[in-house]
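J.: Next input, structure requested:
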Amino acid sequence: MNNRGGWGCLAVLAYPIVEVALAILVASFIGWWWVLVLVCGFIVLGLGLVRYALAATGRSFGVAMSALRTPSGEPVLRIEGGESQRPPAPPAQTLLIVPAGLLIAIPGFLTTAVGLVLWFPPVRAGIAGRIARAARRMQPPPIDPTGPTGPMGPTG
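T.: Next up, the predicted model:
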């Protein structure tokens with residue numbers, strides 16, 4: 001087994017032990033009932049964030065699609081009804097709230113802490129920027145229809 005597989009296996013085995021140790025530590029300060037209340041509250045918060053993020057992502061995709069136009073100038077998609085005054089966040093940033101909400105909803109203080117960090121807008125913006133840069137690097141270069149020596153290619 002290579003070294004990477006060993007570290008992954010260790011992380012999977014250590015995760016529940018760390019979560020239980022954190023729960024015991026927090027319970028020693030505030031009590032088990034308050035730990036239960038916190039865990040239930042974080043589950044509700046996380047699932048609410050997932051619901052919000054999916055709706056906000058749908059709205060931001062709709063607004064992005066409404067900006068697209070056909071060659072004749074007609075909009076591809078029309079948004080009916082009133083929109084908010086503030087422009088929506090980019091779809092990548094709102095979509096990153098979903099894993100944050102899921103991490104918050106998973107019972108445990110470690111996953112909740114990671115989810116709360118991921119929920120912060122500067123963290124989401126940084127991750128969305130990295131995803132956008134990676135997507136641009138993976139994009140193939142544009143094809144020149146004239147070719148290297150002219151419209152018919154090399155003459156020979």
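
J.: Show me what counts as buried in the helix or strand where Gly41 lies.
T.: Element membership for Gly41, per DSSP states H and E: helix 32-66. Neighbour counts using 16 or more other C-beta atoms under 10 Å place 35, 38-39, 42, 45-46, 49-50, 53, 56-57, 59-61, 63 of helix 32-66 among the buried residues. (C-beta placed from N, C-alpha, C; glycine too.)

J.: average pLDDT for it?
T.: The average pLDDT for helix 32-66 rounds to 86.

J.: shaky segments in the chain?
T.: Counting by pLDDT under 70, the chain has low-confidence residues at 1-5, 63-92, 144-156.

J.: ok, 50 please
T.: For the chain, the stretches flagged by pLDDT under 50 are 1, 84-85, 156.

J.: Going by residue numbers, what spans are helices in this protein?
T.: In the chain, the helices defined using DSSP state H lie at 3-30, 32-66, 91-95, 97-105, 109-119, 121-138.
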